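>>> Okay, here's the prediction I keep looking at, along with the sequence it came from:
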Amino acid sequence: MLPFFVYGTLRPGLLNHARYLAGRCETARPAVLEGAALHEGPGYPYAVLAPGQRVHGDLLTVRPADYPQVLAELDLLEECRPDGTGLYVRVRLPVTVAPGAERVDAWVYLAGPAESARLRAAPAPIPSGDWLDRG
(Lines give C-alpha, C1' and ligand atoms only; values in the text may rest on other atoms or scores of the structure.)
Protein backbone atom coordinates (compact mmCIF):
# COMPACT_ATOMS: atom_id res chain seq x y z
CA MET A 1 0.00 0.00 0.00
CA LEU A 2 2.06 2.89 -1.31
CA PRO A 3 1.28 6.45 -0.26
CA PHE A 4 0.11 8.90 -2.92
CA PHE A 5 2.07 11.92 -4.10
CA VAL A 6 -0.52 14.55 -5.02
CA TYR A 7 0.30 17.85 -6.71
CA GLY A 8 -3.00 19.35 -7.90
CA THR A 9 -6.64 19.29 -6.86
CA LEU A 10 -6.07 16.30 -4.53
CA ARG A 11 -3.83 18.38 -2.22
CA PRO A 12 -5.15 19.10 1.29
CA GLY A 13 -7.53 22.03 1.34
CA LEU A 14 -8.58 21.66 -2.30
CA LEU A 15 -11.83 20.36 -3.80
CA ASN A 16 -10.89 16.82 -4.76
CA HIS A 17 -9.06 16.24 -1.50
CA ALA A 18 -12.27 17.05 0.35
CA ARG A 19 -14.26 14.83 -2.00
CA TYR A 20 -12.00 11.75 -2.13
CA LEU A 21 -9.49 11.87 0.73
CA ALA A 22 -10.79 13.85 3.70
CA GLY A 23 -10.98 11.65 6.79
CA ARG A 24 -9.20 8.81 4.99
CA CYS A 25 -5.57 9.88 5.42
CA GLU A 26 -3.25 9.09 8.31
CA THR A 27 -0.65 11.67 7.29
CA ALA A 28 -0.09 14.47 4.79
CA ARG A 29 3.48 15.74 4.45
CA PRO A 30 5.07 18.20 2.01
CA ALA A 31 7.09 16.39 -0.63
CA VAL A 32 8.93 16.93 -3.91
CA LEU A 33 9.03 14.82 -7.05
CA GLU A 34 12.42 15.29 -8.72
CA GLY A 35 12.77 14.81 -12.47
CA ALA A 36 9.28 15.99 -13.39
CA ALA A 37 7.68 19.22 -14.59
CA LEU A 38 4.24 20.62 -13.84
CA HIS A 39 1.96 21.90 -16.62
CA GLU A 40 -1.38 23.69 -16.67
CA GLY A 41 -4.39 21.65 -17.65
CA PRO A 42 -8.08 22.50 -17.99
CA GLY A 43 -8.62 23.33 -14.31
CA TYR A 44 -6.10 20.80 -13.03
CA PRO A 45 -2.39 20.18 -13.66
CA TYR A 46 -0.37 17.50 -15.37
CA ALA A 47 3.04 16.22 -14.31
CA VAL A 48 5.42 14.84 -16.94
CA LEU A 49 8.88 13.39 -16.53
CA ALA A 50 11.50 16.07 -17.18
CA PRO A 51 15.11 15.78 -16.01
CA GLY A 52 16.37 18.65 -13.88
CA GLN A 53 12.93 19.88 -12.85
CA ARG A 54 10.73 19.28 -9.82
CA VAL A 55 7.10 19.19 -8.75
CA HIS A 56 5.98 20.24 -5.29
CA GLY A 57 3.08 18.49 -3.60
CA ASP A 58 2.06 16.38 -0.64
CA LEU A 59 2.66 12.76 0.30
CA LEU A 60 -0.57 11.24 1.61
CA THR A 61 -0.71 8.02 3.58
CA VAL A 62 -4.19 6.53 3.34
CA ARG A 63 -5.68 4.50 6.20
CA PRO A 64 -5.36 0.77 5.43
CA ALA A 65 -9.10 0.14 5.79
CA ASP A 66 -9.82 2.85 3.18
CA TYR A 67 -6.95 2.08 0.81
CA PRO A 68 -8.63 -0.26 -1.71
CA GLN A 69 -11.59 2.08 -2.17
CA VAL A 70 -9.42 5.20 -2.37
CA LEU A 71 -7.14 3.58 -4.96
CA ALA A 72 -10.12 2.58 -7.11
CA GLU A 73 -11.74 6.03 -6.79
CA LEU A 74 -8.54 7.89 -7.64
CA ASP A 75 -7.88 5.68 -10.66
CA LEU A 76 -11.42 6.47 -11.83
CA LEU A 77 -11.05 10.20 -11.15
CA GLU A 78 -7.74 10.32 -13.03
CA GLU A 79 -9.12 8.18 -15.89
CA CYS A 80 -6.22 5.79 -15.29
CA ARG A 81 -6.68 2.72 -17.50
CA PRO A 82 -4.95 -0.65 -17.01
CA ASP A 83 -3.62 -0.52 -20.59
CA GLY A 84 -1.84 2.81 -19.93
CA THR A 85 -3.89 4.84 -22.43
CA GLY A 86 -5.85 6.96 -19.96
CA LEU A 87 -5.77 10.67 -19.21
CA TYR A 88 -3.22 9.84 -16.48
CA VAL A 89 -1.02 6.84 -15.77
CA ARG A 90 -0.26 5.72 -12.21
CA VAL A 91 3.47 5.17 -11.72
CA ARG A 92 5.58 4.15 -8.73
CA LEU A 93 8.24 6.84 -8.23
CA PRO A 94 10.47 8.03 -5.38
CA VAL A 95 9.61 11.37 -3.77
CA THR A 96 11.53 13.39 -1.21
CA VAL A 97 9.72 14.25 2.00
CA ALA A 98 10.52 17.47 3.83
CA PRO A 99 12.10 18.35 6.16
CA GLY A 100 14.35 15.31 6.65
CA ALA A 101 14.95 14.61 2.94
CA GLU A 102 13.65 11.06 3.38
CA ARG A 103 12.98 9.33 0.04
CA VAL A 104 9.78 7.32 -0.18
CA ASP A 105 8.24 5.37 -3.06
CA ALA A 106 4.74 6.62 -3.88
CA TRP A 107 2.02 6.37 -6.48
CA VAL A 108 2.13 9.38 -8.79
CA TYR A 109 -0.42 10.14 -11.50
CA LEU A 110 1.52 11.40 -14.55
CA ALA A 111 0.02 12.72 -17.76
CA GLY A 112 -1.01 9.82 -20.00
CA PRO A 113 0.46 9.29 -23.49
CA ALA A 114 -1.91 11.58 -25.40
CA GLU A 115 -1.60 14.44 -22.89
CA SER A 116 2.18 14.02 -22.71
CA ALA A 117 2.39 14.30 -26.51
CA ARG A 118 0.16 17.37 -26.48
CA LEU A 119 2.31 19.02 -23.80
CA ARG A 120 5.50 18.28 -25.74
CA ALA A 121 3.96 20.00 -28.78
CA ALA A 122 2.45 22.91 -26.83
CA PRO A 123 3.99 23.18 -23.35
CA ALA A 124 2.09 24.97 -20.59
CA PRO A 125 4.69 24.95 -17.78
CA ILE A 126 4.12 26.15 -14.25
CA PRO A 127 7.57 27.61 -13.54
CA SER A 128 7.37 27.21 -9.74
CA GLY A 129 6.51 23.51 -10.06
CA ASP A 130 3.78 24.17 -7.47
CA TRP A 131 0.08 24.20 -8.36
CA LEU A 132 -0.57 26.41 -5.32
CA ASP A 133 1.97 28.97 -6.65
CA ARG A 134 1.10 29.16 -10.32
CA GLY A 135 0.72 32.97 -10.24
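Looks like it came in fine.
>>> For the rest of this, base every contact and every neighbour count on C-alpha atoms.
Fine.
>>> Check which helices and strands the helix or strand hosting residue 109 sits against.
For residue 109, the element it lies in under DSSP states H and E is strand 102-111. Identification of packing neighbours for strand 102-111 by 3 or more Cα pairs under 8 Å, 6 or more residues apart in numbering; DSSP states H and E yields strand 4-6, strand 46-62, strand 88-97.
>>> Provide the strand pairings for that strand, with the direction of each partner.
strand 4-6 (parallel), strand 88-97 (antiparallel) (DSSP bridges).
>>> if we look at the helix or strand of the chain with the lowest mean pLDDT, which residues are touching it?
Least confident element among the helices and strands of the chain, by mean pLDDT, DSSP states H and E: helix 113-121 (a mean of 93). For helix 113-121, the surrounding residues in contact (Cα atoms under 8 Å, 6 or more residues apart in numbering) are 39, 48, 84, 85, 86, 87, 88.
>>> do the same with stretch 76-95
Stretch 76-95 is contacted by residues 5, 31-34, 75, 103-115 when judged by Cα under 8 Å, 6+ apart.
>>> Point out the most buried one among the strands paired with strand 102-111.
Of the strands paired with strand 102-111, the one with the most neighbours on average (mean count of other Cα atoms under 10 Å) is strand 4-6, at a mean of 27.
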